[in-house]
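In: dropping the sequence and predicted coords here.
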Amino acid sequence: MKILLDTANTKSIEEILPYFPIAGFTTNPTILSKESENVRETLLKMMELANGKLMIHAQVTAADTAAIVEQAKELKQFIGDNFYAKIPMTLQGLRAIPLCKAQGINCTVTAIFTPMQALMAGLAGADYVAPYVDRLDNITSNGVNVVKEIVDLFHIYNLDTQVLAASFKNVQQVYNVASMGAHAVTVNTDLCMKLLFHPYTDKSLEDFEIDWSARFRNQEITDLLK
Ligand code: G3P
């Protein structure tokens with residue numbers, strides 16, 4: 001499973017990137033609107049951090065098919081081959097998918113809330129679909145089940161489209177979609193840190209430290225090889 005960072009905050013990306021096996025970044029208009037007005041600069045910094053290797057999924061702001069394809073082309077020229085055009089799950093967006101793919105542009109269809117939406121995007125040739133887990137949970141639906149249904153559908157129909165589950169508020173949701181076979185998740189940097197946390201891990205390390213220094217004071221294990 002791939003882990004992506006759902007943020008355009010380059011400072012927090014920089015803090016986390018050296019530690020986690022991150023496969024890329026995702027943004028949407030809301031995420032970019034929280035950062036500098038200089039979107040070009042933000043994207044350039046994200047590109048520098050991606051170093052041509054990590055994926056950058058950036059969402060188009062256009063609504064109609066021709067404009068979606070034009071924006072996707074321009075964004076790909078700007079970002080490079082690791083760019084994925086995030087295209088909204090609309091009628092116009094659906095039509096844009098094969099047109100983008102014909103131009104060699106990777107497509108991630110976003111704002112997915114049902115398995116049928118995902119299947120349509122997959123049949124149209126999307127590389128990824130992004131179902132919104134927490135937003136589904138918040139309307140008394142079941143985001144994790146929707147992810148599972150999409151994974152199953154793609155398997156039944158032998159589609160190469162991958163599920164990039166999005167919109168998480170807690171570790172359990174991330175774990176649940178991981179166990180359902182989601183191919184990728186995108187999480188904010190705070191939640192990414194929480195994926196590691198367990199108080200017993202911290203306690204165990206404290207205990208190791210206490211026991212070791214009681215016996216060997218400030219020596220390291222490698223000092224004792226000499
Ligand atoms: O990538 C989509 C995601 O950003 C939506 O998440 O937390 O706004 O529901 P959220």
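Out: Arrived safely, thanks for sending. Numbering: from 1, shown residues only.
In: hey, let's count contacts and neighbours off CA atoms from now on
Out: Fine.
In: next up, the contacts around the residue in the chain that the ligand sits nearest to.
Out: Using C-alpha to the nearest ligand atom, the closest approach of the chain to the ligand is made by Ser167 at 3.4 Å. Counting by C-alpha atoms under 8 Å, 6 or more residues apart in numbering, Ser167 makes contact with 131-135, 186-187.
In: and this structure, which residues reach the ligand?
Out: 6, 134-135, 166-168 (C-alpha under 6 Å from any ligand atom).
In: which residue is nearest the middle of this protein?
Out: For the chain, the residue sitting closest to the mean C-alpha position, by C-alpha atoms, centre = their mean, is Thr186 at 2.5 Å.
In: check what pLDDT it gets.
Out: Note on Thr186: pLDDT of 98.
In: which phi and psi does it have?
Out: In terms of degrees, to the nearest 10, the main-chain angles of Thr186 are phi -120, psi 130.
In: next: Asn188.
Out: phi -80, psi 170.
In: leaving out sequence neighbours, find the closest residue to it.
Out: Sequence neighbours aside, Asp6 is the residue nearest to Asn188 in space, at 4.8 Å (criterion: C-alpha to C-alpha, 6 or more residues apart in numbering).
In: can you tell me which residues contact that neighbour?
Out: Shown in contact with Asp6 (C-alpha under 8 Å, 6+ apart): 25-27, 31, 186-189.
In: now restrict those residues to buried residues only.
Out: 25-27, 186-189 (16 or more other C-alpha atoms under 10 Å).
In: by neighbours, which of the contacts of Ser167 wins?
Out: Across the contacts of Ser167, the neighbour count under other C-alpha atoms under 10 Å reaches its highest value at Pro131, namely 28 neighbours.
In: nearest spatial neighbour of it, skipping sequence neighbours?
Out: Of all residues not flanking Pro131 in the chain, Ile112 sits nearest, at 4.4 Å (C-alpha to C-alpha, 6+ apart).
In: check Leu153 too.
Out: Leu153's closest residue in space is Leu119 (C-alpha to C-alpha, 6+ apart), at 7.1 Å.
In: thought that neighbour was touching Phe154?
Out: Yes. Using C-alpha atoms under 8 Å, Leu119 is in contact with Phe154, at 7.2 Å.
In: just the buried residues of whatever helix or strand Leu153 lives in, please?
Out: Using DSSP states H and E, Leu153 maps to helix 143-156. Neighbour counts over helix 143-156 (16+ other C-alpha under 10 Å) mark 143-154 as buried.
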